[in-house]
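Novice: Predicted model follows, preceded by the sequence.
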Amino acid sequence: TSITNTLGTLSPNQYIRDDQTLVSAGGTFQLGFFSPGKLTGRYLGIWYTISNEIVVWVANRETPLDDSSGVLKVTDQGVLVLLNSSNGIVWSSNSSRTVDNPVSQLLDSGNLVVKDANETNPDNFLWQSFDYPCDTFLPEMKLGWDFVTGLDRYVSCWKSTEDPARGEFSLWMSPHGLPQLFVMKGTKIQTRSGSWNGVQLTGSMRRSTPSEFEFFLNKDEVYYEYRLLNRSIPSRYVLTPSGIAQWFTWIENTHSWEPFFSTQQDECEIYAFCGAYSSCDTSDAPVCACLKGFIPKSTEHWNSQNWSDGCIRNTPLACSYKDEFFKYTSFKLPDTSSSWFDKSMSLNECKRLCLENCSCTAYANLDIRDGGSGCLLWFGNLIDIRALPSDSQDLYIRLASSELGSF
């Protein structure tokens, strides 16, 4: 049976042709075939019903169909297959399990799932498109790692505004140290949003957003997720082909998507722009300044406004309890790739632990809620620091005690 379906489900005896769509139960999203811009190739995608030009997910982004003969089916084994005119498989979902009564369903969240017809627990879905994002991070989508299966959920931009193929940039969570979000260009870090401090990402200017972010971390998984505070106002987070992460909100009055904010709006957002032990502040001239107790590694480079060498200690550490800490109150916390953390430790215990280890260079509370809790330690160079408005958190940077007397 061929269907244009308003219940959002597809069973093994049904299929969707090029001129048909699958509509989610609440009508928010549609699944169907489209050609972006001037391209003639056909893609299977999911878009908003209110604005069908906004495609949030593409199945065959690397393998467009040559014509409009494409058909989408779900097999008796619970695998979605996109077939061309000669019944060749252009794209398919994957699963290591099967169920007795498989169906594919487009949920009102924009998630395309394969599951048993009676299953409602997402943990038991055979497959879901939310595990394989394209350029859009949607509410209720997990961005991050499943350590049990090795699944790495990350957002990757389109090659261009008219080509859904994977582009150069990705929004990726690094699981190293305290997990944090990066915008990557290939394998090179472009910008760093920072780690989670219980309230927000440490690199974000505090903004009121139409959503509530949550961070989950345990031995099995680590991920970010967000939920809309008002479900009637759609919002989406998109990584553009030029590597800019933008937040869009739907404005009903104008029937348009308005950009709420964007990343990389200034040079301080460029990863490690000022090098090690240096802070970046666009309201200062020059924008880069060595931290207290540190001097430029190369005065010549520094004076010619090449700051990437960063700064080095003016006085070596004593590597004992004689060292002190200088407290900074308005910083984006440094890169946490080489960090260690403990959720239950007090700030005093955190300080003591740092002093006991000569390679520990700084410490902070892991969580800033309710007066602060937990311990975050840095080892090695402190990189990618920027000045932020005064509502960011405290950072204690280790110095030789003789340095503290000089300021």
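Specialist: That came through fine. Model, not experiment: these values are computed from the prediction.

Novice: show me where the stretch 51-200 of the chain has strands.
Specialist: 55-58, 71-74, 80-83, 89-92, 102-106, 112-116, 127-128, 136-137, 143-146, 151-153, 155-160, 163-174, 180-185, 188-195 (DSSP state E, counting those that start in this stretch).

Novice: Pull up the pairing partners for the last one, direction included.
Specialist: Note on strand 188-195: by DSSP bridges, its sheet partners are strand 180-185 (antiparallel).

Novice: And for the second one?
Specialist: When sheet partners are counted by DSSP bridges, strand 71-74 sits next to strand 15-17 (antiparallel), strand 80-83 (antiparallel).

Novice: quick one: the nearest residue to L83 once chain neighbours are set aside from K297, how far?
Specialist: What sits nearest to L83 in space, not counting adjacent residues and going by Cβ to Cβ, 6 or more residues apart in numbering, is V71, at 4.9 Å. The way it works is simple: take the backbone N, C-alpha and C, and place the C-beta from them, glycine included. Counting by Cβ to Cβ, to the nearest Å, the gap from V71 to K297 is 62 Å.

Novice: Next, count neighbours for the nearest residue to P102 once chain neighbours are set aside.
Specialist: Spatial nearest neighbour of P102, chain neighbours left out: G78 (3.4 Å); criterion: Cβ to Cβ, 6+ apart. G78 has 23 neighbouring residues, counting by other Cβ atoms under 10 Å.

Novice: All the helices of the chain, in order from the start?
Specialist: Using DSSP state H, the helices found in the chain span residues 299-303, 347-355, 401-404.

Novice: Tell me where the model's unsure across the stretch 1-150 of the chain.
Specialist: Scanning the stretch 1-150 of the chain for pLDDT under 70 picks out 1-7.

Novice: and Y328, what is it in contact with?
Specialist: L291, D394, L395, Y396, I397 (Cβ atoms under 8 Å, 6 or more residues apart in numbering).

Novice: For the residues you listed, work out which two are farthest apart.
Specialist: Greatest spatial distance in these: L291 and D394, 14.4 Å, computed using Cβ to Cβ.

Novice: Not counting sequence-adjacent ones, nearest residue to R313?
Specialist: Using Cβ to Cβ, 6+ apart, the closest residue to R313 is F294 (5.9 Å).

Novice: what's the neighbour count on that neighbour?
Specialist: The number of residues packed near F294 is 21, by other Cβ under 10 Å.

Novice: Okay, now stretch 180-196: how far is its last residue from its first?
Specialist: End-to-end span of stretch 180-196 (Cα to Cα, to the nearest Å): 7 Å.

Novice: ugh, wrong one, stretch 263-276
Specialist: Where stretch 263-276 begins and where it ends lie 22 Å apart, using Cα to Cα.

Novice: tell me the average confidence for that stretch?
Specialist: The pLDDT scores in stretch 263-276 average 89.

Novice: quick one on the thing from earlier: most tightly surrounded among the helices of the chain?
Specialist: Ranked by average neighbour count under the criterion mean count of other Cβ atoms under 10 Å, these are headed by helix 347-355 at a mean of 17.

Novice: Tell me how far it lies from the chain's centre.
Specialist: Mean C-alpha position of helix 347-355 versus that of the full chain (Cα atoms, centre = their mean, to the nearest Å) differs by 31 Å.

Novice: separation between the closest residue to K142 other than its chain neighbours and M141?
Specialist: Spatial nearest neighbour of K142, excluding adjacent residues (Cβ to Cβ, 6+ apart): Y223 at 4.1 Å. Distance, Y223 to M141, using Cβ to Cβ: 9 Å.

Novice: Can you pull the residues that touch both of those two?
Specialist: With Cβ under 8 Å, 6+ apart as the test, Y223 and M141 both reach R153.

Novice: Which one's more surrounded, those two?
Specialist: Ranked by neighbour count (other Cβ under 10 Å), Y223 and M141 place M141 first, with 24 against 17.

Novice: Quick check: closest non-adjacent residue to that one.
Specialist: F130 (4.7 Å).

Novice: Sweet, I'm off.
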